[in-house]
Every structure is written in C-alpha cells, then in structure tokens.
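>>> From the sequence below, what's the structure:
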Amino acid sequence: MQQDNLLDKVSKKTNVSKDDILALASDLQTKDLNNENDIKDFIDKIAHITNKEVSQQQMSKIISIIQNNQVPQNFNDMV
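A predicted model of the protein is given here:
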C-alpha cells in the first residue's frame with residue numbers, strides 16, 4: 001500500500017506513468033552503477049520518458065553524484 005502511495009506521488013509530480021516508473025526501476029536493477037555507460041544509458045532513458053534534454057554538463061554531474069554515492073537515501077524528501 002505504501003509503495004502505491006509513493007508511486008502515485010512520484011507519478012503525479014513527474015507526469016510519468018506508474019508503468020514507466022516500474023519499468024525504469026526494473027531496468028535499474030540490471031545496471032552496474034560503477035559503469036559510466038550504464039549510468040548514461042539509464043539517464044538517457046529517463047530523459048526520453050520525461051521529454052527532457054540533459055546537457056553534457058548535467059550528465060557529468062549526475063554520473064559523479066551516482067559514482068560517489070551521493071544520491072539522497074530518503075525518497076520521500078525527493079518527491
């Protein structure tokens with residue numbers, strides 16, 4: 001039940017369907033977050049789903065955050 005509430009909250013805030021969110025989560029489980037190409041591929045998928053462009057500078061910053069384990073751990077604070 002709490003997972004559905006979180007998915008609803010993320011979906012509403014991002015305008016991304018719950019199915020797309022679940023597909024991204026499933027894809028993320030197959031990625032090696034120490035591999036820059038895997039991270040780039042995942043970011044590209046998110047950008048495509050959200051119809052956003054990610055500049056090279058943004059891409060580098062996101063990769064650095066992920067590789068340095070600086071991703072916020074409390075998802076409720078992010079949504």
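
>>> Model confidence for Q3, exactly?
Listed pLDDT for Q3 reads 65.

>>> and what of S60?
So, for S60, pLDDT stands at 96.

>>> Now do it against I66, distance only.
To I66, S60 is 11 Å away according to C-beta to C-beta, to the nearest Å. To be clear about C-beta, it is placed using only N, CA and C from the backbone, and glycine gets the same treatment.

>>> Out of these two, name the residue with the larger neighbour count.
I66 (18 against 13; other C-beta atoms under 10 Å).

>>> any idea how far the more buried one is from I39?
6 Å.

>>> cool, V16 as well?
19 Å.

>>> need the contact list for the spatially most central residue of the chain.
Nearest to the mean C-alpha position of the chain, by C-alpha atoms, centre = their mean, lies I46 at 6.2 Å. Residues counted as contacts of I46 (C-beta atoms under 8 Å, 6 or more residues apart in numbering) are L24, K52.

>>> pull the longest helix from the chain.
helix 36-50 (DSSP state H).

>>> Show me what the helix or strand following it is packed up against.
For helix 36-50, the following helix or strand on the C-terminal side (DSSP states H and E) is helix 56-67. Here helix 56-67 touches helix 36-50, going by 3 or more C-beta pairs under 8 Å, 6 or more residues apart in numbering; DSSP states H and E.

>>> any idea of the mean pLDDT for the helix it packs on?
94.
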